[in-house]
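Chemist: sharing a model that was predicted from the sequence below.
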Amino acid sequence: PVSLWQAVAGCRLAQALTQYCVGANYGWLLAEGLFLHKLLVLAAFSGERCLPAFLLLGWGAPVLFVVPWVVVRYFYENEGCWERNEKAAVWWIIRCPILVAVVVNFVVFVRIVRILVAKVRAHQVSRGD
């Protein structure tokens, strides 16, 4: 039978993997926004050249905050399955990078909308209507 320690360790691993997946989700959302922005801004943009950077942002960036979260969680808030967040400082290790990604993605979104509106207006002016 599975011991209690093994069950708790498995549950904590699942929590860490969940946090990594959430971080990767936001990382890839940001990578896609930056990719679209580059496509609109640079006429001769090659996606293949930037692919390693986007891969690092999508899959690598979450490691930079999930691993420290696991370490801090283990030493300072090592209770249960890590499903509760009683110490806000520990929780912000995960939330702060995600919040930064959302804010940067929003700025990129606004810039993309401005570029598209400018292109539509330029196209309408060139038609002479």
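Modeler: Perfect, thanks for sending it.

Chemist: ok, for residue 104, nearest residue in space, not its chain neighbours?
Modeler: Closest residue to residue 104 apart from its sequence neighbours, by C-beta to C-beta, 6 or more residues apart in numbering: residue 30 at 6.2 Å. The way it works is simple: take the backbone N, C-alpha and C, and place the C-beta from them, glycine included.

Chemist: read off the pLDDT value for that neighbour.
Modeler: Per-residue confidence (pLDDT) for residue 30: 96.

Chemist: OK, contacts around it?
Modeler: Counting by C-beta atoms under 8 Å, 6 or more residues apart in numbering, residue 30 touches 57, 101, 104-105, 108.

Chemist: now restrict these to buried residues only.
Modeler: When those are checked for burial by 16 or more other C-beta atoms under 10 Å, the buried set is 57, 101, 105, 108.

Chemist: looking at these, which one is closest to residue 90?
Modeler: Using C-beta to C-beta, residue 101 is the member of the buried ones among the contacts of residue 30 that lies nearest residue 90, at 19.2 Å.

Chemist: so that closest one touches residue 26, yeah?
Modeler: Yes: between residue 101 and residue 26 there is a contact at 4.5 Å, judged by C-beta atoms under 8 Å.

Chemist: can I assume residue 97 is in contact with residue 63?
Modeler: No: under the criterion of C-beta under 8 Å, residue 97 makes no contact with residue 63, lying 10.9 Å away.

Chemist: tell me which of the contacts of residue 30 has the lowest pLDDT.
Modeler: Within the contacts of residue 30, lowest confidence goes to residue 57 (93).

Chemist: mind checking how far it is from residue 104?
Modeler: Here the criterion is C-beta to C-beta, to the nearest Å. By it, residue 57 lies 11 Å from residue 104.
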